[in-house]
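Novice: Sequence unavailable; structure follows:
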């Protein structure tokens, strides 16, 4: 038996090795991994990494306001004299938290609805789910999010809700497509013939085959959710000052363009940095699962 | 004695609606499988042989007609079929690549029917039973138990499929071209496992194939299908000595063979011609008439009935019925 | 019979780079095709048949490495040809018929369009002449109503007809060598017979060389002059087709032939024990030795050299040395 277990472990490592080989073949995936990891580390350890952690919240030091990048303040300071670098690092924290909250709401909902819709494609339940999803998909995301946010009081929480509301149908559609094709595979037939429950077939047979695609999409979406969140903040419908939200920072700093470019430029670059990182990582994950 | 038949298919029809029209995949066929024997179901694409298997196992409910299994009607949709029948009728599918879930390990694939039918309680029990099943299909359990389908060859995948099909100790298994995607040396191994299992379990089966030579080695009776119809049913030995239907003769003459001895079994004076018709718009009368060298007027108009020419040897052809 | 050599493969070694290292697939393949000769290559999947064929036209995937060997086409090494020579070879001299006629024809274009493009590109002809050539080729491929086929999309044709179109395409112009890689595997039994009869008679009529690669041993036996048996990247036995099939010499060939189910339905083989070797760490010496019932000590040490056991019937096996 122990030989068997050793073999089991070895086979697992083979599996991982193959995925890693496919992933690491492209240097872009590795860059994506590095960028994503760096943002996550900055987000988690923000209070220790940021040079002036207290600058993240209410803090004023008008004596040092709007200073250009220097050795004390690499990214300069804003109109209240706060360190832009510190606020950007804390900004990652808020952005990633937003992505995490939105995706943890959206992914399970979308996935479950998509599995049901795909599995019961011919029945009314499948059709109803997909038509509802279509309605949400038909409305441009920013417009939908904007209208929801403007109905409610602007806050980070409401922004997350609004983004979630328009995001789930994409997962439903993804899972619907995968389920529709996987359910015609013979192993699903075999499970049906032997009398396995629909629940088992959906979650234990079909879902594992969608994992790669879901993981890829989740990774890519981290970037897009952050962008949408930042866009909402930018127009003032998201997180409110003094929260160090990247979108809010860009909006606030935009008032001082072009003379004090660093106040908005660095948070904007930070947004691009996160999105780039997660996009490259997502492509890499796709290669790993498909290769 | 009616009891000697484990499966009786009576006037079975299965039509599929498609955007191009109604596909008459199986059009009014009847056949019976004796207990403990193997019925070979032979035909080319569009003959409806796989559809017949799928309907029997319950993947699609029949359009009309009756299927009796151990004298119980099983023509209902799969959800309504009693669980003990699902345990008793199993199927091995054609395509090894799609037969096994790529994300699961062999233990869980073979163990699924055991779990569904609550035949094991603990994980140890499961592994023990799966190990036994793997041994039966000649896969050393210590090598294969934890592997994923991606690490298996085509033959090994099919062996796993067979292990899964016999896990619940069924009395009837449908083999749908289980070796058509395999190399001959691997096919030989798989067929040997199947033969052994059939003996050991006193299994009755329906063996679907397009390969007459293979069918010769595995079944005791043959049913030949063409475009959703049965053309000929005969005991295997009789069939090879005296193939009656012109289509059967054409099929047999088209088989490439390796020895002079086999050459002699191939009917002379008939060569393959024409295209297989469409099951959406099948030819009138006898469906084989556009390709048949002996076609007469009546063949275009009237559909021939399946008649018993000799005891146990049925043929649907005007050459033999309206004499 | 004058025996002008058309194609000669000498000691070809090809491998593939993968995440697990390099797989050493072809291990010294030697193969000759004479002018107008019909040659069969048999072997199981993974034995390197397709790799060998793809090497001839140099259409191997990008991770393939040709380590050693030469492929002479009319005395010129294909592996050293420049791009334009190679194109000329592919356009006018050698053609290939693949297993899957569905993916071989672009579904977006009509058959006629596909044919015209190929003809015009290869022979620099005007529309009219090209069309005439295409229709003639379709007619030769025994397609009923060539005009209609010419105006059809591939999906409007049956599998057998599509493969006939591929055959017509392969035989256009003055081809000298046709490589058919499992041309009938996906077809129905009766259609298979028709297509093979067509291919054989066309090849004979036009006196072109033909390499017929297949796992269908019976079909090869009935349609070729000489046959090569491949196992794990080696040619292990070759000779006149009738001789190889009636008197197989190599233990692998013997076993392989036993495995084919017979219409006479007598004894049924138990298969060959073991499986095709792992190409990352292929067995030393004769690659069949781990599965061979007659294995000798020297089989493990060195690759056996070919011996001519009877006239033109060669085998690479130590059992037949001296």
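Specialist: Received, thanks. Since we're looking at a predicted model, the values are computed, not measured.

Novice: Quick check: phi and psi on the residue nearest the centre of chain A?
Specialist: Geometric centre of chain A, nearest residue: residue A:222, 1.5 Å, by Cα atoms, centre = their mean. Main-chain torsions, residue A:222, degrees, to the nearest 10: phi -50, psi -50.

Novice: What residues does the stretch 1-150 of chain C have near chain B?
Specialist: Proximity of the stretch 1-150 of chain C to chain B, by Cβ under 8 Å from any Cβ of the partner chain, involves residues C:44-45. In this view, the C-beta of every residue, glycine as well, is placed from N, C-alpha and C.

Novice: low-confidence ranges in the stretch 1-150 of chain C?
Specialist: C:1-2 (pLDDT under 70).

Novice: how about 50 then?
Specialist: Scanning the stretch 1-150 of chain C for pLDDT under 50 picks out C:1.

Novice: Residue of it nearest chain B, please.
Specialist: Residue of the stretch 1-150 of chain C nearest chain B, by Cβ to the nearest Cβ: residue C:44 (4.0 Å).

Novice: Could you tell me how many residues sit around residue A:217?
Specialist: Number of residues near residue A:217 (other Cβ atoms under 10 Å in any protein chain shown) recorded here: 22.

Novice: one step back: ok, now how distant is the residue nearest to the centre of chain A from chain C?
Specialist: Distance, residue A:222 to chain C, using Cβ to the nearest Cβ, to the nearest Å: 27 Å.

Novice: now that residue: how far from residue A:165?
Specialist: 18 Å (Cβ to Cβ, to the nearest Å).

Novice: Going by secondary structure, residue B:12 is in what exactly?
Specialist: Assigned by DSSP states H and E, residue B:12 falls within strand B:5-18.

Novice: in that strand, what's buried?
Specialist: B:5-9, B:12-15 (16 or more other Cβ atoms under 10 Å in any protein chain shown).

Novice: Just the residues contacting that strand, thanks.
Specialist: By Cβ atoms under 8 Å, 6 or more residues apart in numbering or on different chains, the list of residues contacting strand B:5-18 from outside reads B:22-36, B:48, B:51-52, B:55-56, B:60, B:62-70, B:171-172, B:204, B:206, B:280.

Novice: Among those, name the buried ones.
Specialist: Of those, these count as buried by 16+ other Cβ under 10 Å: B:23-33, B:36, B:48, B:51-52, B:55-56, B:60, B:62-63, B:65, B:67-70, B:171-172, B:204, B:206.

Novice: Find the nearest non-adjacent residue to the residue in the stretch 101-250 of chain C positioned nearest to chain B, please.
Specialist: Relative to chain B, the nearest point of the stretch 101-250 of chain C is residue C:218 (3.0 Å; Cβ to the nearest Cβ). Leaving aside its sequence neighbours, residue C:218 sits nearest to residue B:256 (Cβ to Cβ, 6 or more residues apart in numbering or on different chains; 3.0 Å).

Novice: part of a strand, is the one you found?
Specialist: No. Using DSSP: H, G, I helix; E, B strand; the rest coil, the assignment for residue B:256 is coil, not a strand.

Novice: quick one: stretch B:239-255 near chain C?
Specialist: Yes. Residues of stretch B:239-255 are located near chain C by Cβ under 8 Å from any Cβ, namely B:240, B:250-255.

Novice: out of those residues, who's nearest chain A?
Specialist: residue B:251 (26.3 Å).

Novice: from what I can see that closest one touches residue C:191, true?
Specialist: No. Counting by Cβ atoms under 8 Å, residue B:251 sits too far from residue C:191 to count as a contact (11.0 Å).

Novice: More neighbours: which of the two?
Specialist: A direct count of neighbours by other Cβ under 10 Å for residue B:251 and residue C:191 places residue B:251 higher, at 27 against 24.

Novice: any idea whether the more buried one is helix, strand or coil?
Specialist: Applying three-state DSSP: residue B:251 is helix.

Novice: ok, now which ones touch it?
Specialist: B:42, B:44, B:212, B:224, C:189-190 are the contacts of residue B:251 under Cβ under 8 Å, 6+ apart.

Novice: neighbours around residue 265, how many?
Specialist: This is for chain A. Neighbour tally, residue A:265, other Cβ under 10 Å: 19.

Novice: wrong chain, I was asking about chain C
Specialist: Residues near residue C:265, counting by other Cβ under 10 Å: 20.

Novice: Indicate the residue of the stretch 151-300 of chain C located nearest to chain A.
Specialist: For the stretch 151-300 of chain C, Cβ to the nearest Cβ, closest residue to chain A: residue C:280, 12.5 Å.

Novice: which residues touch that residue?
Specialist: C:20-24.
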